[in-house]
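1. Structure, please.
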Amino acid sequence: MKKLFVGSLAWATDDQSLREFFEQFGAVTKAEVVRERDSNRSRGFGFVEFEDDAAADKAIAEADGKELDGRAITVNEAQSRGPREGGSNGGGGYRGGNDRGGSRGGYNNNRSDNGGGSFRSRSW
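-> Numbering: from 1, shown residues only. Below you'll find the predicted structure:
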């Protein structure tokens, strides 16, 4: 099984039209347009999985640069995403085994800069 990344999708492209387009190359296991969490609007890219690696290779060779729903699409093999860098609180996600008992992202749990009152951090 091989997974392809499909970029430059038209806003109107949905899972079904993506699947139908790629079925000309072989049996499609899954076709999904990635959408924004809040608005459900397309993010302009998606993924297609093929049962057969040869069909996926054919799709890369023949579909890259072709038009789907009025837009020239880019097609290549999907790359697995490495570890994600993290947060805005000066850290990078969970850090266990430090001297603060495993606080998250380097957040200072002893901060009291809000007018002299105490500040209690949320339990994440």
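2. Could you list the low-confidence segments of this structure?
-> Along the chain, the parts satisfying pLDDT under 70 run over 86-124.
3. what about the strands in it?
-> Counting by DSSP state E, the chain has strands at residues 2-7, 28-35, 42-50, 67-68, 71-72, 74-77.
4. Check the spacing between R41 and V34 real quick.
-> Here R41 is placed at a distance of 10 Å from V34 (C-beta to C-beta, to the nearest Å). The C-beta positions use only the backbone N, C-alpha and C, and glycine is treated the same way.
5. hmm, back to that, could I get the strands of the chain in CSV, plus columns for mean neighbour count?
-> Below are those laid out as CSV (neighbours: other C-beta atoms under 10 Å):
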stretch, mean neighbour count
strand 2-7, 19
strand 28-35, 17
strand 42-50, 18
strand 67-68, 16
strand 71-72, 14
strand 74-77, 15
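6. Dump these into JSON lines; add distance to D57 as well.
-> Converted to JSON lines, the strands of the chain look like this (distance: least, C-beta to C-beta, whole Å):
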{"stretch": "strand 2-7", "distance to D57": "8"}
{"stretch": "strand 28-35", "distance to D57": "14"}
{"stretch": "strand 42-50", "distance to D57": "9"}
{"stretch": "strand 67-68", "distance to D57": "19"}
{"stretch": "strand 71-72", "distance to D57": "20"}
{"stretch": "strand 74-77", "distance to D57": "9"}
